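Novice: here is my input; please provide its structure:
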Amino acid sequence: MARHARALQQSRLWEEGVSVVQVKIRRSSRVREHTRNPARRKIGDVGKDAPRNTYRSAEPPRSLTEHIDRKRVLSVTDLVAASWCEYAHLYNVLSQSHLPLSLRPSSITTPEGNVITPSWAKLQQREEIMQRGAEVHDVLERQVQPIRVEFRLVTPGDRWALQLLQFASGIAAARSSGCAREIPVFGYVHGRLVRGIIDEVRRETSTLQLSDTKTRKSWRLPTEADQIQARLQVMLYKRLADGLYLGITGQETKYMDQYAEPVVLQNLCATLNLDIDSPLSKEFTEDVRTMIETTITPWSLSDVSSLTLRTTFALARQALEHNAEIHIRNRLEIAYVRPDQDATPVGSTLFDAQPKYLQDYLEEVFSLFQGVRAPQGVGIQATRRCESCAWREGCEWRERQANKALAKTQTCIVQTSVASDDMLWDEFDIPEQQLTLLDW
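Specialist: I've put the predicted structure just below:
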């Protein structure tokens with residue numbers, strides 16, 4: 001019970017988007033967004049049909065609209081997960097998939113009133129895959145930055161100040177030393193505050209290459225259709241990075257996303273109800289000084305004698321002024337690696353960012369979140385995605401499509417039968433008045 005209570009408390013804090021207690025994060029002067037990688041939670045010891053503990057952080061949302069309305073800050077995953085399957089995303093949201101398995105509800109009630117029980121074996125398998133993926137990301141990050149710094153986040157402003165410093169120092173590091181990993185980004189998308197973590201930014205001659213790493217068991221790259229979610233994710237990372245860069249520096253870049261919204265500090269503080277000039281915690285300031293002393297950063301100790309969000313914004317601007325001609329290019333990358341301890345490369349895909357395509361997708365997904373339209377499942381050509389889905393049995397979309405197919409088949413059978421009868425009558429070249437004389 002104590003373990004569940006701790007998980008409950010931690011879940012509440014992360015759902016609010018603010019750490020109100022001291023939190024030590026062992027990252028290499030960068031932190032991973034908790035909601036982005038729930039696999040970092042310890043997986044509960046649950047069997048295939050084990051009963052679930054109903055002690056949870058809050059009542060599950062009843063719809064996607066309620067889920068989105070509850071959140072002050074959205075994650076990139078919130079926006080792109082629906083591109084794989086909108087029904088699977090809906091069911092995962094209703095089941096509070098951000099919680100450990102042992103804290104999730106045993107079943108969900110859909111907006112249509114149906115009760116669905118997931119396959120716990122598939123959920124467990126998915127958690128294990130994500131856990132291995134998190135370990136691979138950790139290995140890759142240690143290769144770039146082996147020194148770990150702990151950050152104590154005491155005040156609400158500490159978290160956002162840290163993300164500002166990490167973004168600026170990450171871009172500066174990629175420009176100067178060639179590579180940086182785990183760079184936080186955040187910004188506004190359709191009026192909502194969204195955040196995420198860029199896996200890697202590395203220097204390619206006079207530009208920066210933004211890359212996202214995916215683990216994969218197969219030695220073959222996924223099809224282009226199966227890469228859509230990953231591509232949307234990377235394009236959204238770039239849009240957030242462009243907007244954050246524009247807001248901090250006030251400068252547009254050659255490859256900037258035309259739909260990127262600049263992050264204005266005053267607007268950010270208004271959204272989060274933060275005081276722009278309130279001092280950040282003493283503990284956090286001390287940890288920033290430790291980061292400057294033990295890692296390569298663009299700042300000196302004299303720069304951080306006292307910190308506020310306003311002074312942190314100025315520090316970020318100062319860092320981004322160095323090598324300012326080097327920007328994130330429009331050519332993006334998805335790198336696939338094996339889920340082993342060496343993160344063995346499988347291959348990579350390069351593609352151009354398509355701002356209009358991303359914008360059209362976001363308009364569609366927000367119309368889904370706002371209840372303007374109903375969710376859509378996968379097309380018949382992508383039904384293999386259902387094989388690994390924990391919600392396959394009981395999926396309303398699959399049942400609806402099966403009923404449509406059955407009705408269509410029955411209609412075809414009836415039409416074929418009627419057509420056959422008509423053809424039979426046509427073979428009789430007999431006047432109608434003589435039909436009564438036929439010997440059936």
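Novice: where exactly do the strands run in the stretch 251-400 of the chain?
Specialist: For the stretch 251-400 of the chain, the strands defined by DSSP state E, counting those that start in this stretch occupy 327-328, 331-337, 345-352.
Novice: just the residues contacting the first one, thanks.
Specialist: The contact list for strand 327-328, computed with Cβ atoms under 8 Å, 6 or more residues apart in numbering, reads 201, 207-210, 238, 241-242, 245, 253-256. In short, each C-beta sits where N, CA and C put it, glycine included.
Novice: mind listing the helices for the stretch 51-200 of the chain?
Specialist: Secondary structure of the stretch 51-200 of the chain (DSSP state H, counting those that start in this stretch): helices at 64-70, 76-80, 86-94, 120-144, 156-177.
Novice: adding distance to T383, write these out as JSON lines.
Specialist: Conversion of the helices of the stretch 51-200 of the chain to JSON lines gives the following (distance: least, Cβ to Cβ, whole Å):
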{"stretch": "helix 64-70", "distance to T383": "22"}
{"stretch": "helix 76-80", "distance to T383": "21"}
{"stretch": "helix 86-94", "distance to T383": "12"}
{"stretch": "helix 120-144", "distance to T383": "16"}
{"stretch": "helix 156-177", "distance to T383": "40"}
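Novice: hmm, back to that, just the strands of the stretch 251-400 of the chain: most buried one?
Specialist: Mean neighbour count (mean count of other Cβ atoms under 10 Å) peaks for strand 327-328 among the strands of the stretch 251-400 of the chain, with a mean of 23.
Novice: and that strand, which strands flank it?
Specialist: Applying DSSP bridges, strand 327-328 is found paired with strand 207-215 (parallel).
Novice: angle of the partner strand against strand 331-337?
Specialist: 30 degrees (axes from the mean of the first three to the mean of the last three Cα atoms, to 10 degrees).
Novice: now do strand 207-215: distance to the chain's middle.
Specialist: Centroid separation between strand 207-215 and its chain, computed with Cα atoms, centre = their mean, to the nearest Å, is 15 Å.
Novice: next, the angle helix 156-177 makes with that strand.
Specialist: Using the same axes, to 10 degrees: strand 207-215 against helix 156-177 is 110 degrees.
Novice: per-residue confidence averaged over whatever helix or strand comes next after strand 207-215?
Specialist: Where DSSP states H and E defines the elements, the next helix or strand beyond strand 207-215 is helix 228-249. Model confidence over helix 228-249 averages 98 on the pLDDT scale.
Novice: likewise for stretch 127-137?
Specialist: Average pLDDT, stretch 127-137: 84.
Novice: then stretch 358-365?
Specialist: 98.
Novice: which residues does it contact?
Specialist: Under the criterion Cβ under 8 Å, 6+ apart, residues 79, 82-83, 189-190, 232, 235-236, 239, 257, 259 lie in contact with stretch 358-365.
Novice: okay, which residue is most central for this protein?
Specialist: The centre of the chain sits closest to T77, judged by Cα atoms, centre = their mean, with a distance of 1.4 Å.
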